[in-house]
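Asks: prediction below, plus the sequence it came from.
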Amino acid sequence: MSAQILDGKGLSARLRARLRQRAEALAAQGRQPGLAVVLVGDSPASQLYVKNKIRACEESGIHSLQHCLPQETSETALLELIGQLNVDEAVHGILVQLPLPPHIDVRRVLAAIAVEKDVDGFHVHNVGHLTIGNPGLPPCTPAGVMALLEDAGIDLAGKHAVVIGASNIVGKPMALMLLAKGATVTICHAKTRNLTQHTIFADVVVAAAGCPKLVRKQMIQNGAVIVDVGINRLPDGTIAGDVDFDEVQQIAGWISPVPGGVGPMTVTMLMENTLRAAEQSMFCCSQGEK
Ligand code: NAD
């Protein structure tokens, strides 16, 4: 038996076509959605991520504004730019590409982004919304995983889900989203003893550890749903996920590939959040006019 594929690339193309219609509807009312992307420094990986996001904006009918700042940019200068973007009516979403240079306090920068423009969903206010189950702007990667699972018709209620990785941007919000859908959730991390003891009983495994091929065939049960968030560059330059795809797909029920799984969904959810922020600002304007 070979697993069914959670096809993030295909789903993303379908979702972006729908987002484009929503963006055009907004533009027809004089409010083209706009995303400001801020990049500090010249990391090739960050430049590639930003390029992908700009391309996704084009596909989704979102106007993108790029701000590329030199590596030595001061925290004060970055905060000033964010302050300007916060009040710019053409900007509905602000994305600061991470990681930032070490002399800049990332928490201070994320806290400076207006909550209603925080399309990465990293502001503590939006994290709080997620925690208590309010519809704020959710972080894009876990939101992309949930969209993949929903599109495949995978019901999470009563299922045992194991999240490998407990970062603020992937593992923790992922666990909260699975919990909100009724799953019983276990969070594993670098200090977890005997990972297999947890994954072997899981109906759903989300791997987000940043360890190439960490999840092996003998660690999962037949028919499990395996979502691979990992993006790891191997010494030979190729990209590998956190799951040994060739092996695991032989016994899993569903599996997401790398590339072509969660990666494109993350960018699509960023577009979704930008559209949502633009629609919300339009709604707020029309309420204000009454
Ligand atoms: P991170 O380094 O911030 O966190 C990794 C987490 O995994 C930590 O909680 C750590 O304790 C845990 N971990 C590390 N080794 C482990 C092990 N052997 N067993 C169990 N847990 C272990 O990383 P992150 O930002 O959460 O990203 C995780 C991975 O997901 C990376 O490969 C990253 O490139 C990828 N990623 C992909 C997307 C996407 O769009 N597909 C988005 C964000 C991150």
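Replies: Sure, I can see it.

Asks: C-alpha from now on. contacts and neighbour counts both.
Replies: OK.

Asks: say whether the ligand is contacted by the helix or strand of the chain with the lowest mean pLDDT.
Replies: In the chain, the helix or strand scored least confidently by mean pLDDT, DSSP states H and E is helix 262-289, which has a mean of 88. Yes - Helix 262-289 reaches the ligand (C-alpha under 6 Å from any ligand atom) through Val262, Gly263, Thr266.

Asks: which of the helices or strands spans Ala13?
Replies: Taking DSSP states H and E as the definition, one finds Ala13 inside helix 8-28.

Asks: leaving out sequence neighbours, find the closest residue to His189.
Replies: Of all residues not flanking His189 in the chain, Gly165 sits nearest, at 4.8 Å (C-alpha to C-alpha, 6 or more residues apart in numbering).

Asks: phi, psi of the one you found?
Replies: The phi and psi values for Gly165, taken as degrees, to the nearest 10, are phi 120, psi 140.

Asks: from the ligand, how far out is Asp88?
Replies: Distance of Asp88 to the ligand, computed by C-alpha to the nearest ligand atom, to the nearest Å: 28 Å.

Asks: give me the phi and psi angles of that residue.
Replies: Per degrees, to the nearest 10, the backbone of Asp88 is at phi -80, psi 120.

Asks: and for it, the neighbour number?
Replies: Residues near Asp88, counting by other C-alpha atoms under 10 Å, number 11.

Asks: check Ala143 too.
Replies: The number of residues packed near Ala143 is 23, by other C-alpha under 10 Å.

Asks: packing partners of the one helix or strand Leu130 maps to?
Replies: If you go by DSSP H and E, Leu130 is part of helix 124-132. For helix 124-132, the packing partners by 3 or more C-alpha pairs under 8 Å, 6 or more residues apart in numbering; DSSP states H and E come out as helix 171-180.

Asks: contacts only, for the closest residue to Lys9 other than its chain neighbours.
Replies: The spatially closest residue to Lys9, leaving aside those adjacent along the chain, is Gly260, at 5.0 Å (C-alpha to C-alpha, 6+ apart). Going by C-alpha atoms under 8 Å, 6 or more residues apart in numbering, Gly260 touches Asp7, Gly8, Lys9.

Asks: just Asn52 next, same as before
Replies: Applying C-alpha under 8 Å, 6+ apart, one finds that Asn52 lies in contact with Val267.

Asks: Val91 is in contact with Leu35, correct?
Replies: Yes - with contacts counted by C-alpha atoms under 8 Å, Leu35 reaches Val91, the gap being 5.7 Å.

Asks: coming back round to it: where does the residue nearest to Lys9 sit: helix, strand or coil?
Replies: coil (DSSP: H, G, I helix; E, B strand; the rest coil).

Asks: so how far is the ligand from it?
Replies: To the ligand, Gly260 is 9 Å away according to C-alpha to the nearest ligand atom.

Asks: again, but for Thr186
Replies: Distance, Thr186 to the ligand, by C-alpha to the nearest ligand atom: 12 Å.

Asks: thought that residue was touching Ala166?
Replies: No - using C-alpha under 8 Å, Thr186 is not in contact with Ala166; the gap is 10.4 Å.
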